[in-house]
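>>> starting from these lines, generate the structure:
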Amino acid sequence: MAKKIAINTGGGDAPGLNAVIRAATLAALNRGYEVYGIRRAYKGLLGEDEVVPLTRDTVRGITHIGGTILGTTNRGNPFAFPVEQPDGSTERVDRSDDVVAAFRDRGFEALIAIGGDGSLRIARDLYKKGLPVVGVPKTIDNDIEGTVLTFGFLTAVDIATDAIDRLHSTAQSHERVMVVEVMGRDTGWIALFSGVAGTADVILIPEIPYSIEKVCEKVIERDRAGRHFTIVVAAEGACPKGGAPVFKDPELKRFGGVCEVLANEIAERTGKDTRAIALRHLQRGGSPISYDRLIALRFGAAAIECVDDGDFGCIVALDPPYVRRIPLDIATSRQKGVPVDGDVVATARALGMSFGD
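Prediction:
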């Protein structure tokens, strides 16, 4: 009897998800497995969506397409599943046992769970309940422990760098300060990489709390040197020394708005015409660049090798030139932040870029 495996995608989308689905599906089909997709994370197993067969036709021509053909959600944690009550309120209910039961009832023998830190923590906890899980690390934030890169990250960096490039000319023309907010949550990987590649003047990341006085000093210094424009790149989780990040939804701790706060403070302190630009979900959309496609395809194929070996409770991880296996416990043990003593930060400082410190 053919081995039956399931694939799902959870959390925020990232360029390259479809490439993983395609690689895992084809690698499994070539081994004689049956492959199914659980739609919208675990909702397909909980009766709120479908479980669909994945065939060669299903995954044909999707490597370059953004998003995910299986859909995704960041509100489908089976350990705290939102259930509407008769009075219209929503209560969080543990439905993890229902997921395990539905998985077994369908005769699945392995789950390929593609997701970021939240989704991988769910996968880890389901594994501890007996579900045979292999994780594939996905996030544009690049904050998963144990893997050098996550697919989607470099595409997000490419999009942010292109935006920064475009802002240089308009900033120079109008002698403005442009404050560009990029994603990353509690880490500054996108801001750092795109800021250095896009030759920003100031890069603000959560790992290095900033002083607004130091940021403004850089703006004034450039003005005095005859450079009457400044590009500031800020990670959405950047915060001042002794302060806190800016949340557009404090209750859910949803980041957003630091660019407006910074722009107002810079304008007030320097008198410069200052504009705020938040790239937000532009960084998630569109086709993955070639290297992200390559990582995603390698991850998908490697995940099926784990299934072949019966090696569950792990993630596939990039350790160039290899894809290795890392225990889920390690992958979810901490958030991988930017090393402040690393060479990219050192390069930025050598080029005269300010971190506001």
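
>>> could you list the low-pLDDT ranges of the stretch 201-350 of the chain?
By pLDDT under 70, the stretch 201-350 of the chain has no low-scoring segment.

>>> how long is stretch 123-136 end to end?
End-to-end distance of stretch 123-136: 10 Å, with Cα to Cα, to the nearest Å as the criterion.

>>> return the set of buried residues in that stretch.
Ala123, Arg124, Asp125, Leu126, Tyr127, Leu131, Pro132, Val133, Val134, Gly135, Val136 (16 or more other Cβ atoms under 10 Å). C-beta coordinates here come from the backbone N, C-alpha and C atoms, glycine included.

>>> which one of those residues is nearest to Asp186?
Of all these, Arg124 has the smallest distance to Asp186: 19.2 Å, by Cβ to Cβ.

>>> is that closest one within a helix or a strand, and which one?
helix 117-128 (DSSP states H and E).

>>> now Gly184: how far from Asp223?
Distance, Gly184 to Asp223, by Cβ to Cβ, to the nearest Å: 29 Å.

>>> more crowded one of the two?
Gly184 (31 against 17; other Cβ atoms under 10 Å).

>>> how about that one, what does it touch?
Going by Cβ atoms under 8 Å, 6 or more residues apart in numbering, Gly184 touches Asp141, Asp143, Ile190, Ala191, Ile205, Pro206, Ala235, Glu236, Gly237.

>>> and Arg106, by the same measure?
Lys4, Ala6, Tyr36, Leu45, Val51.

>>> now with 7 Å?
Val51 (Cβ atoms under 7 Å, 6 or more residues apart in numbering).

>>> any idea how many residues pack against the residue lying closest to Leu45 once chain neighbours are set aside?
Closest residue in space to Leu45, ignoring its immediate chain neighbours: Ala102 at 4.2 Å, by Cβ to Cβ, 6 or more residues apart in numbering. Neighbour count for Ala102, taken as other Cβ under 10 Å: 19.

>>> check which helix or strand Ala102 maps to.
helix 96-105.

>>> and the helices in this structure?
17-29, 96-105, 117-128, 153-174, 189-197, 212-224, 258-270, 290-309, 328-331, 343-350 (DSSP state H).

>>> returning to that earlier point: nearest to Phe355, of the contacts of Gly184?
Ile205 (7.1 Å).

>>> not counting sequence-adjacent ones, nearest residue to the closest one?
Nearest one to Ile205, counting by Cβ to Cβ, 6+ apart, is Gly188 at 2.5 Å.

>>> pull the number of nearby residues for that neighbour.
31.

>>> what does Leu46 give?
18.

>>> who are the contact partners of it?
Contacts of Leu46 by Cβ under 7 Å, 6+ apart are Pro78, Phe81, Arg95, Asp98, Val99, Ala102.

>>> and it, how far is that from Arg92?
14 Å.

>>> same question for the helix holding Ala102, mean pLDDT?
In this model, helix 96-105 carries a mean pLDDT of 97.

>>> could you shift the numbering so residue one becomes 10, and keep it that way?
Okay, using 10 as the starting number, the last item reads as helix 105-114.

>>> for that helix, packing partners?
Helices and strands touching helix 105-114, by 3 or more Cβ pairs under 7 Å, 6 or more residues apart in numbering; DSSP states H and E, are helix 126-137.

>>> again, 10 Å this time
Where contact means 3 or more Cβ pairs under 10 Å, 6 or more residues apart in numbering; DSSP states H and E, helix 105-114 is packed against strand 43-47, strand 90-93, strand 119-124, helix 126-137.

>>> mean pLDDT for those: which is lowest?
Mean pLDDT values for the helices and strands packed on helix 105-114 show the minimum at strand 90-93, a mean of 89.

>>> tell me which other helices or strands it touches.
strand 99-102, helix 105-114.

>>> so how far is that strand from its chain's centroid?
25 Å (Cα atoms, centre = their mean, to the nearest Å).

>>> okay, it in PDB with CA atoms only?
Taking C-alpha atoms only, strand 90-93 is exported to PDB below (Å, rounded to 0.1, in the frame of the first residue of the first chain):
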ATOM      1  CA  PHE A  90      -8.200  27.500  17.900                       C
ATOM      2  CA  PRO A  91     -10.800  30.400  17.600                       C
ATOM      3  CA  VAL A  92     -14.300  29.100  18.100                       C
ATOM      4  CA  GLU A  93     -17.300  31.400  17.900                       C
END
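
>>> quick one, what contacts His183?
With contact set as Cβ atoms under 10 Å, 6 or more residues apart in numbering, His183 has these partners: His237, Phe238, Asp282, Arg284.

>>> one more pass at 8 Å, please.
His183 touches Phe238, Asp282, counting by Cβ under 8 Å, 6+ apart.

>>> do you know the pLDDT at it?
For His183, the model assigns a pLDDT of 96.

>>> and Arg334, how close does it get to Arg40?
Counting by Cβ to Cβ - Arg334 and Arg40 are separated by 18 Å.

>>> which residue of those two possesses the greater neighbour count?
Arg334 (19 against 15).

>>> from Phe112, how far off is the nearest residue to the more buried one once chain neighbours are set aside?
In space, and not counting its chain neighbours, Arg334 is closest to Cys323: 4.5 Å by Cβ to Cβ, 6+ apart. Noted for Cys323: a distance of 18 Å to Phe112, by Cβ to Cβ.
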